[in-house]
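Undergrad: pasting a predicted model and its sequence here:
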Amino acid sequence: MASIPASVIDSVKSLGLNGSTKETNGTLGDVVVKNICCVGAGYVGGPTASVIAYQNPHIRVTVVDRDQTRIRRWNSKHPPIYEPGLRDIVRIARDGGRKTSFGSQAETDGDDLTISERPANLFFSTDVGKCIGEADIVLVAVNTPTKYRGVGAGSATDMTAFEAVTGVVAQYAREGAIIVEKSTVPCRTAQLVADTLAMHRPGVHFEILSNPEFLAAGTAVNDLLYPDRILIGSAPTPSGKKAAEALVGVYAAWVPRERILTTNVWSSELAKLVANSMLAQRVSSINSISAVCEQTGADVDEVARAVGVDPRIGNKFLVAGIGFGGSCFKKDVLNLVYLADTMGLPEVGEYWRQVVKMNEYARDRFTNRIIKCLNNTLVGKKVTILGFAFKKNTSDTREAPALEMIKTLLEERPREISVFDPCCNPLVIKEEIKTLLGPIADQGNIAVYGNAVDACKGSTAVVIATEFDEFRNQPAPAPPRAPVGPPPKLIGRKPNPKADPRPFDGTGPTENDILALHKHLVQRAGEDNDDPLDRYLAEPDCPEDCPDCIQHRESKETGFATGMGSAEEYKPKERIDWVSIAENMAKPRWVFDGRGVIDSREMVKLGVRVESVGRQHAF
Ligand SMILES: NC(=O)c1ccc[n+]([C@@H]2O[C@H](COP(=O)([O-])OP(=O)(O)OC[C@H]3O[C@@H](n4cnc5c(N)ncnc54)[C@H](O)[C@@H]3O)[C@@H](O)[C@H]2O)c1
Ligand SMILES: O=c1ccn([C@@H]2O[C@H](COP(=O)(O)OP(=O)(O)O[C@H]3O[C@H](CO)[C@@H](O)[C@H](O)[C@H]3O)[C@@H](O)[C@H]2O)c(=O)[nH]1
């Protein structure tokens, strides 16, 4: 094994502040974690803290944020983030659960298994300093976007929020608290945290860990319940390792120990950037090939399938389209680019920069193809964008390719650009378009609809910008069949939602088992029933004039789903009605499939011309 340079060991060691390699006042001797504070109630902080609380009923978990609206919504029946399955977890952890009994075997009416009642152990607050001061572990999960001005603009990470929180931690954290980087940060950030803490609290011991998050939008809850790995980086000192073990203990409540990897801090910080960069690179690679396919007559899906069966390559992340969006890929690749550039490795930086360039090329190439097919003019035409979120099953629209496409299409002065997204609230889309596009969004020709048929009525072209299953016109891939015989051991493995998870393995149902049973029963229930195990306590009441209640009532009327209850969430998604859409489109009817969800042969039967990424046209 290669030896680690002494300078690196020294710098990692220094993360246990004061260079301490001995235990300090017993604070890190046997760490008993009773209180966790997560700073940042966003897409990572909210779901991660909720799952930690759900799986560790004995730990008090408080999520703090300076954004009062976000915290108000987390404390209401309207969580600010839509993620399938999230509400079930929040309801139990935040509101507590009642004692309940049910049969230990599938399809029986017995009630030989009992789950005790549990008090609430998940809290949301704006009192950042106080909650940090009470915590044994402080998770920092604030936003770390790309800097858009100043030194490193366009590639360096904007550490404003992270640095601000480090300052508050330095002021309030109690001695011996373990500080955890949950945010994605540049490699060696832990050193900056250590320096800040040392400056503000000389002589006080803190351990700093890196514990990057790998959840993806739209599958966050499943990713958290059944993670491929948990990564924890620490100083290689006894106290650093103890701190890491304390965090391992929190995850070990539900994650098999062999999936919890411990490394040095720098490896952990860098591994997060590398994971995202390599995933983004795969998407850019297949997108570059899609351009070749369009010229040669090869079909990119067939090429992807043919190369993906090679286990050395694998079949994941090979779906060609209009490029990756989301708040992470671009910024994390650029984070790596900046790291390489500033370390005097311009060739490395340039290599990774190309991943982002190819992504923009994929999106712009497809947008130009739309304009070209429409005879290079959109004047007098209506164009519909289906999907505004950056990927399916999320309402997250950050860096969504749809937005840049709309911007380019607007330059062609269309009669109308209409938008429909099955997960995003129309009012929110309107606001976002306005904020992000500025004055060009005020030209009055952007309309956001609550259903697909109205959005597409009179359109010459329908553009699919997000891979929602709702937009497919062919049967969805068959769900896994229920296995015959007793179910396999579920620990650490995603259950088959169609199968009854009973009888449970081992000593009794785990929290994951109970959730799996809940999901199974919800899916089986003929009518809407969010609580088949009769475990939920009442949610907090909203005031009469609650803006979210009003919005939700309106959303139901306009027909897009926000996943307000699990009965709604776990049922198969309803497909949009392509027959009606085709009938009501303006001739020549075009569908531009930017996400590979359309079977063009079926669409051609409806009199629609189809252009798809990575293959030649069909009509
Ligand atoms: N979104 C994802 O899917 C994802 C996945 C893995 C990792 N990450 C990383 O996790 C981090 C958080 O991402 P996110 O998507 O949750 O961001 P987000 O913007 O949704 O949430 C960040 C929250 O931090 C709060 N905040 C900022 N400064 C604060 C301060 N000084 N005090 C208190 N609260 C403050 C903001 O108000 C916001 O609610 C980022 O580093 C991101 O790269 C994100
Ligand atoms: O074959 C594919 C797969 C994905 N995408 C696109 O790539 C983007 C990102 O998708 P995905 O990675 O599934 O979602 P994210 O929520 O951005 O999750 C990524 O970014 C997170 C934030 O760091 C990480 O935690 C996750 O592990 C990592 O997958 C989306 O626009 C997808 O449409 C494709 O175009 N083709």
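TA: Looks like it arrived, so ask away. Ligands and ions are numbered 1, 2, ... in the order given.
Undergrad: how about the residue in the stretch 401-550 of the chain that ligand 2 sits nearest to: what's its closest non-neighbour residue?
TA: Closest to ligand 2 within the stretch 401-550 of the chain is residue 467: 5.8 Å, counting by CB to the nearest ligand atom. The way it works is simple: take the backbone N, C-alpha and C, and place the C-beta from them, glycine included. The spatial neighbour of residue 467 that comes closest, neighbours along the chain excluded (CB to CB, 6 or more residues apart in numbering), is residue 595 at 4.0 Å.
Undergrad: which helices and strands does the host helix or strand of residue 90 pack with?
TA: Element membership of residue 90 [criterion: DSSP states H and E] is helix 86-95. Here helix 86-95 touches helix 45-55, strand 122-125, helix 220-225, helix 511-524, helix 566-569, going by 3 or more CB pairs under 8 Å, 6 or more residues apart in numbering; DSSP states H and E.
Undergrad: any idea which residue sits dead centre in this structure?
TA: Taking CA atoms, centre = their mean, the centroid of the chain lies closest to residue 217, which sits 2.0 Å from it.
Undergrad: shouldn't that one be in contact with residue 394?
TA: Yes - in this structure residue 217 lies within contact range of residue 394 using CB atoms under 8 Å: 4.1 Å.
Undergrad: shared neighbours, the two?
TA: Jointly contacting residue 217 and residue 394 under the rule CB atoms under 8 Å, 6 or more residues apart in numbering are residue 83.
Undergrad: can you tell me how far the residue nearest to residue 584 when sequence neighbours are not counted is from ligand 1?
TA: Leaving out its chain neighbours, the residue that sits closest to residue 584 by CB to CB, 6+ apart is residue 457, at 4.7 Å. Distance, residue 457 to ligand 1, using CB to the nearest ligand atom, to the nearest Å: 34 Å.
Undergrad: repeat for residue 594
TA: Using CB to the nearest ligand atom, residue 594 is found at 22 Å from ligand 1.
Undergrad: ok, back up a step: against which helices or strands is the helix or strand following the helix holding residue 90 packed?
TA: Remark: after helix 86-95, the chain's next helix or strand is strand 100-102, criterion DSSP H and E. Judged by 3+ CB pairs under 8 Å, 6+ apart, strand 100-102 is in contact with strand 113-115.
Undergrad: average pLDDT across the strand it packs on?
TA: Averaged over strand 113-115, pLDDT sits at 91.
Undergrad: coming back round to it: now do the phi/psi pair for the residue nearest to residue 584.
TA: Main-chain dihedrals, residue 457, degrees, to the nearest 10: phi -60, psi 120.
Undergrad: just the CA trace of the particular helix or strand that has residue 436 in it, in PDB.
TA: Using DSSP H and E, residue 436 maps to helix 426-437. C-alpha atoms of helix 426-437 as PDB (Å, rounded to 0.1, in the frame of the first residue of the first chain):
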ATOM      1  CA  PRO A 426     -47.800  26.600 -11.700                       C
ATOM      2  CA  LEU A 427     -47.600  29.700  -9.500                       C
ATOM      3  CA  VAL A 428     -44.000  28.700  -8.500                       C
ATOM      4  CA  ILE A 429     -43.000  28.000 -12.100                       C
ATOM      5  CA  LYS A 430     -44.300  31.500 -13.100                       C
ATOM      6  CA  GLU A 431     -42.300  33.100 -10.300                       C
ATOM      7  CA  GLU A 432     -39.200  31.200 -11.200                       C
ATOM      8  CA  ILE A 433     -39.400  32.000 -14.900                       C
ATOM      9  CA  LYS A 434     -39.800  35.700 -14.000                       C
ATOM     10  CA  THR A 435     -37.000  35.700 -11.500                       C
ATOM     11  CA  LEU A 436     -34.600  33.900 -13.800                       C
ATOM     12  CA  LEU A 437     -35.400  35.400 -17.100                       C
END
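Undergrad: which strands or helices does that helix pack on?
TA: Here helix 426-437 touches helix 401-410, strand 446-448, helix 547-558, going by 3+ CB pairs under 8 Å, 6+ apart.
Undergrad: ok, of these, where does mean pLDDT dip lowest?
TA: helix 547-558 (a mean of 69).
Undergrad: how distant is the helix ranked longest in the chain from the center of its chain?
TA: Using DSSP state H, we find that the single longest helix of the chain is helix 265-296. The chain centre lies 17 Å from the centre of helix 265-296; the measure is CA atoms, centre = their mean, to the nearest Å.
Undergrad: kindly report the same for stretch 125-140.
TA: Centre to centre, stretch against its chain (CA atoms, centre = their mean), the figure for stretch 125-140 is 24 Å.
Undergrad: likewise stretch 504-514?
TA: 26 Å.
Undergrad: can you give me the buried ones in that stretch?
TA: Buried residues in stretch 504-514, counted by 16 or more other CB atoms under 10 Å: 504, 505, 509, 510, 511, 512, 513, 514.
Undergrad: what mean pLDDT does that stretch have?
TA: Averaging pLDDT along stretch 504-514 gives 85.
Undergrad: ditto for stretch 167-177
TA: Mean pLDDT, stretch 167-177: 96.
Undergrad: kindly report the same for stretch 209-227.
TA: Computed over stretch 209-227, the average pLDDT equals 97.
Undergrad: ok, and does that stretch reach over to ligand 1?
TA: Yes - for stretch 209-227, a contact with ligand 1 is found by CB under 6 Å from any ligand atom, at 213, 215, 217.
Undergrad: in the stretch 1-150 of the chain, which residue sits nearest ligand 1?
TA: For the stretch 1-150 of the chain, CB to the nearest ligand atom, closest residue to ligand 1: residue 42, 1.9 Å.
Undergrad: report the secondary structure element holding that residue.
TA: Using DSSP H and E, no helix or strand contains residue 42.
Undergrad: so what's the backbone phi/psi at it?
TA: phi -90, psi -150.
Undergrad: ligand 2 versus that one, what's the distance?
TA: Distance, residue 42 to ligand 2, by CB to the nearest ligand atom: 12 Å.
Undergrad: what ranges do the helices span in the stretch 251-400 of the chain?
TA: For the stretch 251-400 of the chain, the helices defined by DSSP state H, counting those that start in this stretch occupy 265-296, 300-308, 329-342, 346-373.
Undergrad: pick the most buried one from those helices.
TA: helix 329-342 (a mean of 22; mean count of other CB atoms under 10 Å).
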